[in-house]
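K.L.:
Structural data only, the sequence is not supplied:
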Ligand SMILES: Cc1ncc(COP(=O)(O)O)c(C=O)c1O
């Protein structure tokens, strides 16, 4: 099919939920993707922070092919080796003791919210149900996750929302102290608000929140769906500030492109779930767990985390260089290879210009350009992006 035919098909057959760009993608390799007509694009979106190893990386492709030929799916009524092996890696390299697998970030957050309430109810009583979430956050599209999402534009027309979730301004210690009550079960936040415009949680805020949770017996939940799996230069973003959560959610990069999410927790919290309380038919099936295991092995063995930190610093420096040249750039934000440029102008026009020049970038929150390439991105590709961005800002 041509790009035109695919776009016509989308109009006819798909629900109108995405503001898609006029581009169809047919194949990919490394940090490059190609449309049906063969045009090449450097990918600084990587499926929104998903394709950590790039497109069709040997290890993941081989793992998928091998597992597809052995066993794709069986029920969680039975044990499977890839699921156990994947959980073992996650436990060994994180604070957590136990893992629950699902298919997406939203489901991982649903799990976290249910687990938090189960733990709080069993430990303190049924009145401890409230979740404190952050303004400007994003946690996914299912009803609990969207309620926890602190952006009103996602809430119109779908009410009533889930009761028992309140929001406070991000990085506001005083607001957090005020918000904790005898009803608080947990505090949920992203170490970097990705969809919210690449806004970093301040170190002081994180330490204060941890302290508040400890003193009130509430749980600290980190949504690392976007920041986890090496994106910020550490395996998990919580490692930057040394603040350890009780629960953490993952998805996106975990499967390197196959749908897998996870909710991780410390032992005493995980124990609040018993058989029948939660589940997911396709969650952690052999196919996705084999792919995810290949992603994590590659990430941990190949020095990719160090590389991500180094190339991220190079990238950041280049972005600061652009900021010096163009007044419409207000701020450079982010960590590792989750970087953003906050603009004083709308960003979609810049995204369009870049695409026409063969570079894919993302705009979030209207005025923040977000860059989240594969962790294997090269200096040359970053240089090309910077050149294209400079041209775009000149035009804008
Ligand atoms: C921090 C965060 N949490 C949750 C989600 C939802 O993930 P999914 O789209 O896999 O449900 C996202 C998606 O962008 C996210 O960035």
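P.N.:
Happy to help now that I have it. Nothing here was measured: the structure is a model prediction, and the numbers come from that model.
K.L.:
going forward, measure contacts between C-alpha atoms and count neighbours the same way
P.N.:
OK.
K.L.:
Can you pull the residues of the chain lying near the ligand?
P.N.:
Near the ligand, the residues belonging to the chain are 104-106, 138-140, 190, 194-195, 223-226, 251-252 when assessed by Cα under 6 Å from any ligand atom.
K.L.:
again, 8 Å this time
P.N.:
48, 103-109, 137-142, 145, 190, 193-195, 223-227, 249-252, 259, 261 (Cα under 8 Å from any ligand atom).
K.L.:
Narrow the residues you listed to those that are buried.
P.N.:
Buried members of these, counted by 16 or more other Cα atoms under 10 Å: 48, 103-109, 137-141, 145, 190, 193-195, 223-227, 249-252, 259, 261.
K.L.:
wait, is residue 342 part of a helix?
P.N.:
No - counting by DSSP: H, G, I helix; E, B strand; the rest coil, residue 342 is not part of a helix but strand.
K.L.:
can you give me the strands for the stretch 101-250 of the chain?
P.N.:
For the stretch 101-250 of the chain, the strands defined by DSSP state E, counting those that start in this stretch occupy 130-134, 165-168, 184-189, 192-193, 199-200, 219-223, 247-250.
K.L.:
Can you tell me which of those is packed in deepest?
P.N.:
strand 247-250 (a mean of 30; mean count of other Cα atoms under 10 Å).
K.L.:
any idea which helix or strand comes after that strand?
P.N.:
Next helix or strand after strand 247-250 toward the C-terminus (DSSP states H and E): strand 261-265.
K.L.:
who does that next one pair up with?
P.N.:
strand 98-102 (antiparallel), strand 247-250 (antiparallel) (DSSP bridges).
K.L.:
Residues contacting the last one, please?
P.N.:
Residues outside strand 247-250 that contact it (Cα atoms under 8 Å, 6 or more residues apart in numbering) are 96, 105, 108-109, 112, 219-226, 228, 261-266.
K.L.:
what about residue 153, how many neighbours?
P.N.:
If you count neighbours by other Cα atoms under 10 Å, residue 153 ends up with 8.
K.L.:
What distance do you get for it to the ligand?
P.N.:
15 Å (Cα to the nearest ligand atom, to the nearest Å).
K.L.:
Can you give me the pLDDT of residue 213?
P.N.:
Model confidence at residue 213, given as pLDDT, is 98.
K.L.:
And residue 117, by the same measure?
P.N.:
The predicted local confidence for residue 117 is 98.
K.L.:
Might you report the residue contacts of it?
P.N.:
Contacts of residue 117 by Cα under 8 Å, 6+ apart are 128-130, 185.
K.L.:
rewinding a little: columns mean pLDDT on top of the strands of the stretch 101-250 of the chain, output as JSON lines?
P.N.:
Formatted as JSON lines, those follow (pLDDT from 0 to 100):
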{"stretch": "strand 130-134", "mean pLDDT": "98"}
{"stretch": "strand 165-168", "mean pLDDT": "98"}
{"stretch": "strand 184-189", "mean pLDDT": "98"}
{"stretch": "strand 192-193", "mean pLDDT": "98"}
{"stretch": "strand 199-200", "mean pLDDT": "98"}
{"stretch": "strand 219-223", "mean pLDDT": "99"}
{"stretch": "strand 247-250", "mean pLDDT": "99"}
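K.L.:
Of those, which is nearest residue 82?
P.N.:
Among these, strand 247-250 comes nearest to residue 82, with 17.3 Å by Cα to Cα.
K.L.:
one step back: tell me the two of the contacts of residue 117 that are most distant?
P.N.:
128 and 130 (6.1 Å).
K.L.:
Show me the common contact partners of the two, please.
P.N.:
117, 183-185.
K.L.:
Where does the record place the domain boundaries for the chain?
P.N.:
According to automatic domain parsing, the chain comprises the domains 3-56+303-395, 59-301.
K.L.:
ranking those domains by burial, who's on top?
P.N.:
domain 59-301 (a mean of 20).
K.L.:
distance between that one and the chain's centre?
P.N.:
Relative to its parent chain, domain 59-301 has a centroid offset of 10 Å by Cα atoms, centre = their mean, to the nearest Å.
K.L.:
Quick one: end-to-end distance for it.
P.N.:
For domain 59-301, the separation between the terminal residues is 12 Å (Cα to Cα, to the nearest Å).
K.L.:
wait, what's in contact with the residue nearest the centre of the chain?
P.N.:
Taking Cα atoms, centre = their mean as the criterion, residue 226 is the residue nearest the geometric centre of the chain, at 1.5 Å. Applying Cα under 8 Å, 6+ apart, we find residue 226 in contact with 49, 194, 250-253.
K.L.:
possible to save the residues you listed as JSON lines with distance to residue 58?
P.N.:
Output for those, formatted as JSON lines (distance: Cα to Cα, whole Å):
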{"residue": "49", "distance to residue 58": "19"}
{"residue": "194", "distance to residue 58": "28"}
{"residue": "250", "distance to residue 58": "23"}
{"residue": "251", "distance to residue 58": "21"}
{"residue": "252", "distance to residue 58": "19"}
{"residue": "253", "distance to residue 58": "16"}
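K.L.:
Going by distance to residue 358, which of those residues wins?
P.N.:
Among the contacts of residue 226, residue 49 lies closest to residue 358 (Cα to Cα), at 18.9 Å.
K.L.:
what's the closest non-adjacent residue to the closest one?
P.N.:
The shortest distance from residue 49 to any non-neighbouring residue, by Cα to Cα, 6 or more residues apart in numbering, is to residue 372 (5.4 Å).
K.L.:
In terms of pLDDT, where does that neighbour sit?
P.N.:
Looking at residue 372, its pLDDT reads 98.
K.L.:
Surely it touches residue 339?
P.N.:
Yes - applying Cα atoms under 8 Å as the test, residue 372 and residue 339 come out as touching, 6.7 Å apart.
K.L.:
quick revisit: in helices, which of the residues of the chain next to the ligand fall?
P.N.:
Members of those lying in helices (criterion: DSSP state H): 48, 105-109, 145.
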